[in-house]
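# after the sequence you'll find the predicted model.
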Amino acid sequence: MDQPYDPRFAKLRLPLLSAPFIPGRVMVGAIGASVMVVAALLIHIDLMIDPAVPRFWTLSAWFVGLAVLRWLLRDAVGGGAEKLRDFAEYVLTFMGISLLGVLASYALAGSSQGFVDAELYHADRMLHFDWLALYHLVAASPLLQHLGQAAYSNIYITPAILFLSMAWHGEKASARHFLLTYWVAVVMTLLVFPLMPAKGALDFLTDGPVPYMPTSGRWQGLIIPELRAHSILKIDLGALQGLVCAPSFHTVSAVLYLAWAWKSPRLRWLLVPVNIAMLMATPIEGVHYLSDMILGAGVALLAIAAVNTWLRRQATLPGKLLATA
């Protein structure tokens, strides 16, 4: 079980295999700041969330339900109640960060200019990566299509497994370390995205009907121009699409999932293979270039390094930021 950070070990220069305990107020501050920034971005581009669609109320019910459950069990100590409280906290935080990230991507896409597919494709050619050859291989195999779709959807499954394990084993420090790193990775991804918007490899390299439509389809090339033209005024939460091609956020997520799964012998055997499979499926199902996947891996590693560095620095300060929940 993770324990609050002991300042007696502050001078040890060891990797943060067992993270210092991050207080809840740090996570609340990060989420709160994100809400204000995303709201400002949406207002700037005259976008609003459509409250008339059923998915709006479904998602609202999930957020409210998890928040109420977390609050009702706030004083739980030990047993199933504590595990349930912690699991609700982790899922609520993860869902909040993810939703805010998607909403921000819509606002940032509407403020972006041009597309960098030609540059990404050129980088792939330098890497000797043939996206079309891989696409035609998958298009000719229904088995590869089904396997790729299942692997690509793992972006939603792995965090649920991680959070269940962390809640069950009382690993709150590791869970909050992961969530803070995930938040930093989302922020970094969104900072890079407007600088290099892309339509995706399928849209850029093919024209007309295709023999196989991947999970991500051609949404970037359809939605981003409409956002730029202000043709979309309301966001339907039931029809959100991933608009970030570069950096590949599926790759960002997979690298983070692998980093945390590797720390757990009980989960490593399951989550490492499925996340490697997700990485293998990402070029086709996510219509990603290899170059933007490499960029995504770099973002994930930088986020991990940044949070670890921040934690180490906080551990050397005279205050008790990391010692209280």
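Good, I have the coordinates. Numbers count the residues shown, from 1 in each chain.
# for Leu227, give its distance to Val244.
Counting by Cβ to Cβ, to the nearest Å, the separation of Leu227 from Val244 is 13 Å. All C-beta spots, glycine's among them, are computed from the backbone N, C-alpha and C.
# what's the following helix or strand after the host helix or strand of Leu227?
Using DSSP states H and E, Leu227 maps to helix 219-228. Per DSSP H and E, the first helix or strand lying C-terminal to helix 219-228 is strand 234-235.
# the helix holding Leu227: which residues count as buried?
By 16 or more other Cβ atoms under 10 Å, the buried positions in helix 219-228 come out as 219-221, 223-224, 227-228.
# neighbours around Ala40, how many?
11 (other Cβ atoms under 10 Å).
# pLDDT value on it, please?
Looking at Ala40, its pLDDT reads 97.
# could you give the mean pLDDT of stretch 196-215?
95.
# and it, how far apart are its ends?
The first residue of stretch 196-215 is 22 Å away from its last residue (Cα to Cα, to the nearest Å).
# ok now do Asp124, which residues does it touch?
130-131, 289-291 (Cβ atoms under 8 Å, 6 or more residues apart in numbering).
# now those as TSV including distance to Ser34 and pLDDT?
Output for these, formatted as TSV (distance: Cβ to Cβ, whole Å; pLDDT from 0 to 100):
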residue	distance to Ser34	pLDDT
Asp130	39	98
Trp131	33	98
Tyr289	28	98
Leu290	30	98
Ser291	28	98
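# which of those fall in helices?
131, 290-291 (DSSP state H).
# which one of these is nearest Leu195?
Of all these, Leu195 sits closest to Ser291, with 14.2 Å by Cβ to Cβ.
# just checking, that closest one touches His128?
No. Ser291 lies out of contact with His128 (Cβ atoms under 8 Å); the separation is 11.8 Å.
# who's more crowded, those two?
More crowded of Ser291 and His128, by other Cβ under 10 Å: Ser291, with 23 against 7.
# now the helix holding Leu227: average pLDDT?
Summarised as a single mean, pLDDT over helix 219-228 is 95.
# what is that helix packed up against?
In terms of contacts (3 or more Cβ pairs under 8 Å, 6 or more residues apart in numbering; DSSP states H and E), helix 219-228 is packed against helix 79-110.
# beyond the helix it packs on, next helix or strand please.
helix 117-126.
# now the helix holding Leu227 against helix 79-110, angle please.
Counting by axes from the mean of the first three to the mean of the last three Cα atoms, to 10 degrees, helix 219-228 lies at 70 degrees to helix 79-110.
# got the buried residues for the helix or strand that contains Leu143?
Using DSSP H and E, Leu143 sits within helix 142-152. Residues of helix 142-152 classed as buried: 144-145, 147-148, 151-152 (neighbour count, 16+ other Cβ under 10 Å).
# on that earlier part again, which residues do Leu227 and Val244 both contact?
Residues touching both Leu227 and Val244 (Cβ under 8 Å, 6+ apart): there are none.
# name the helices or strands packed onto the host helix or strand of Ser174?
Using DSSP H and E, Ser174 sits in helix 172-192. Using 3+ Cβ pairs under 8 Å, 6+ apart, the elements in contact with helix 172-192 are helix 24-44, helix 79-110, helix 154-168, helix 249-262, helix 290-316.
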